[in-house]
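Participant: Okay, sequence plus prediction incoming.
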Amino acid sequence: MMPWLTDDYGNASSVHARGRRARNAVEQARETVAALLSVEPDNVVFTSGGTEANNQVILSHVSARADAGLILSRVEHDAVLAPVLAAERRGHPVTWLSPDAHGGVAPPAACAPGHMVSLMAVNNETGVRNQDPGSGDGLYHSDAVQAAAWYDLGGLVSRCAYVTLSAHKLGGPKGVGAVVTGPGAELHPLLRGGGQERDRRSGTENVAAIAGFARAFALVSEERDEISARVRSLREHLWEGLADALGDRIHRTTPSAPRKSAPHILHTVFLDADGCGLDGEMLILGLDMEGVQVSAGAACSSGSMKPSHVLMAIGMQPDIARGAVRFSLGRDTTIQDIEHTLSAVSRVARRMA
């Protein structure tokens, strides 16, 4: 990223030398992302992140026709739920699918004409992995933000009209993402005024971030299988240690079967002696003082400390959900990190129980 933050700071829409170099960097990044997903470069539209990408997909769909409908569940990310609920208020038909106890959602057997199914590939709170859509004629959108670092998305992309990504979940910079379009996709601009991204997303391109996105994606793809296996092993070691230390004072929401959960998320619920959830805010602050950083729900909204909409959707009672804690592992997590976490959790949870 550094050349585009220093000497080659040109605007990618300018025709002078610095601008041409910036344009070349953007297009090379587009080609890299496209090749990793087995699509044409024209199918990759850069955005400011997953939130914008999801909003653009939903709003593009419902703007195409007055009766455009949506099929999804209430465990989707807020960046999908919010525009869907806004569309529902404007009269667009919405069908709500029921999630299982882990937050998993099966795609419907059929999709009515004019409707789009939107199902996240991996739930950002529970880590459950959803089944890819089938090969039918339906229009599908997959929020793959939590999946891209851990799975080859080529098959998913080939079966979806839209797949949305965010670079920071790949180890890239914050503030950049993409919509990847497929067969049947119509992508209308959410932002207008400059005509960038082939009139699909106006705004001066963040050249450095786009270059960082592509490089991070390439690095992740080279090491994906090895890192996924190592992180999954660490995740299971963490769970076994927590279960041994706390027994029935901790429950696991994330599925244990490898094919049903992404390797990097462990969602748990800490309970007191009466079977109610511990005070999640105090638990998080106590762990933070021990050098362990965890979340209660989605990272972008966990500061509110209100019950997670995902946990409410899977039927967890609020007095239980208040004890929810999500542990997120990454490519740099070590066994020493896990052992330190186990020691810290044991101290903090027993002090609170």
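Facilitator: Here it is on my side, so go on. The model shown is predicted, which means the values in this text are computed figures rather than measured ones.

Participant: low-confidence ranges in the stretch 251-353 of the chain?
Facilitator: Under the criterion of pLDDT under 70, the regions of the stretch 251-353 of the chain flagged as low confidence span 297-305.

Participant: show me where it has strands.
Facilitator: Listed from the start of the chain, the stretch 251-353 of the chain has strands (DSSP state E, counting those that start in this stretch) covering 265-270, 324-328.

Participant: Could you list every helix and strand in contact with the shortest one?
Facilitator: In terms of contact count using 3 or more Cβ pairs under 8 Å, 6 or more residues apart in numbering; DSSP states H and E, strand 324-328 is assigned the packing partners strand 265-270, helix 280-289. C-betas here are computed from N, CA, C, even on glycine.

Participant: hmm, who's touching the first one?
Facilitator: If I follow you right, that is strand 265-270. For strand 265-270, the external contacting residues (Cβ atoms under 8 Å, 6 or more residues apart in numbering) are 122, 124-127, 146, 235, 238-239, 242, 246, 249-254, 277-278, 280, 283, 316, 320-321, 323-329, 349, 352.

Participant: go again using 6 Å as the cut-off
Facilitator: Residues from elsewhere that reach strand 265-270 (Cβ atoms under 6 Å, 6 or more residues apart in numbering): 126-127, 235, 238-239, 250-254, 278, 323-328, 349.

Participant: Name only those of these that count as buried.
Facilitator: In terms of neighbour count (16 or more other Cβ atoms under 10 Å), the buried residues within those are 126-127, 235, 238-239, 250-251, 253-254, 278, 323-328, 349.

Participant: Check the offset of the helix ranked longest in the chain from the chain's centre.
Facilitator: Across the chain, the longest stretch assigned as helix under DSSP state H is helix 207-246. With Cα atoms, centre = their mean, to the nearest Å as the basis, helix 207-246 stands 14 Å off its chain's centre.

Participant: Domain boundaries for this structure, per the record?
Facilitator: 2-220, 224-352 (automatic domain parsing).

Participant: The first one spans what distance, first to last residue?
Facilitator: In terms of Cα to Cα, to the nearest Å, the two terminal residues of domain 2-220 are separated by 20 Å.

Participant: Let me see the mean pLDDT of that domain.
Facilitator: On average, the pLDDT along domain 2-220 is 95.

Participant: From the chain's centroid, how far away is that domain?
Facilitator: Between the mean C-alpha location of domain 2-220 and the chain-wide mean there is a distance of 10 Å, by Cα atoms, centre = their mean.

Participant: which residues touch residue 150?
Facilitator: Going by Cβ under 6 Å, 6+ apart, residue 150 touches 228, 262, 263.

Participant: top of these by neighbour count?
Facilitator: Using other Cβ atoms under 10 Å as the neighbour definition, the contacts of residue 150 reach their maximum at residue 262, which records 25 neighbours.

Participant: how about that one, what does it touch?
Facilitator: If you count contacts by Cβ under 6 Å, 6+ apart, residue 262 has them with 122, 127, 129, 150.

Participant: On the strand side of things, show who the first one bridges to.
Facilitator: Read it as residue 122. With beta bridges defined as DSSP bridges, residue 122 has these partners: residue 129.

Participant: That one and residue 75: what is the separation?
Facilitator: If you measure residue 122 against residue 75 using Cβ to Cβ, to the nearest Å, the figure is 11 Å.

Participant: Have a look at these two and say which one is more surrounded.
Facilitator: Summary of the neighbour comparison: residue 122 and residue 75, criterion other Cβ under 10 Å, with residue 75 having more neighbours (30 against 26).

Participant: Most tightly packed of the helices and strands packed on strand 324-328?
Facilitator: Greatest average neighbour count among the helices and strands packed on strand 324-328 goes to strand 265-270 (a mean of 24), per mean count of other Cβ atoms under 10 Å.

Participant: quick one: it to strand 324-328, angle?
Facilitator: Interaxial angle, strand 265-270 versus strand 324-328 (axes from the mean of the first three to the mean of the last three Cα atoms, to 10 degrees): 150 degrees.

Participant: Now find how far off-centre strand 265-270 is within its chain.
Facilitator: The chain centre lies 17 Å from the centre of strand 265-270; the measure is Cα atoms, centre = their mean.

Participant: Between helix 207-246 and it, find me the angle.
Facilitator: Regarding strand 265-270 and helix 207-246, their directions subtend 40 degrees when assessed with the same axes, to 10 degrees.

Participant: and the angle from strand 265-270 to helix 280-289?
Facilitator: Counting by the same axes, to 10 degrees, strand 265-270 lies at 120 degrees to helix 280-289.

Participant: who does strand 265-270 pair up with?
Facilitator: Each strand pairing with strand 265-270, determined using DSSP bridges, is listed with its direction: strand 250-252 (antiparallel), strand 324-328 (antiparallel).

Participant: what would those strands look like in CSV with distance to residue 59?
Facilitator: Putting these into CSV (distance: least, Cβ to Cβ, whole Å) gives the following:
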stretch, distance to residue 59
strand 250-252, 36
strand 324-328, 29
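
Participant: For residue 81, which of the ones you listed is the nearest?
Facilitator: Each of the strands paired with strand 265-270 has some distance to residue 81 by Cβ to Cβ; the shortest is strand 324-328, at 18.3 Å.

Participant: What are the contacting residues of the closest one?
Facilitator: Counting by Cβ under 6 Å, 6+ apart, 265, 266, 267, 268, 269, 280, 294, 295, 296 sit against strand 324-328.

Participant: cool, and stretch 228-243?
Facilitator: Counting by Cβ under 6 Å, 6+ apart, stretch 228-243 makes contact with 150, 250, 263, 264, 266, 329, 333, 338, 342, all of which sit outside it.
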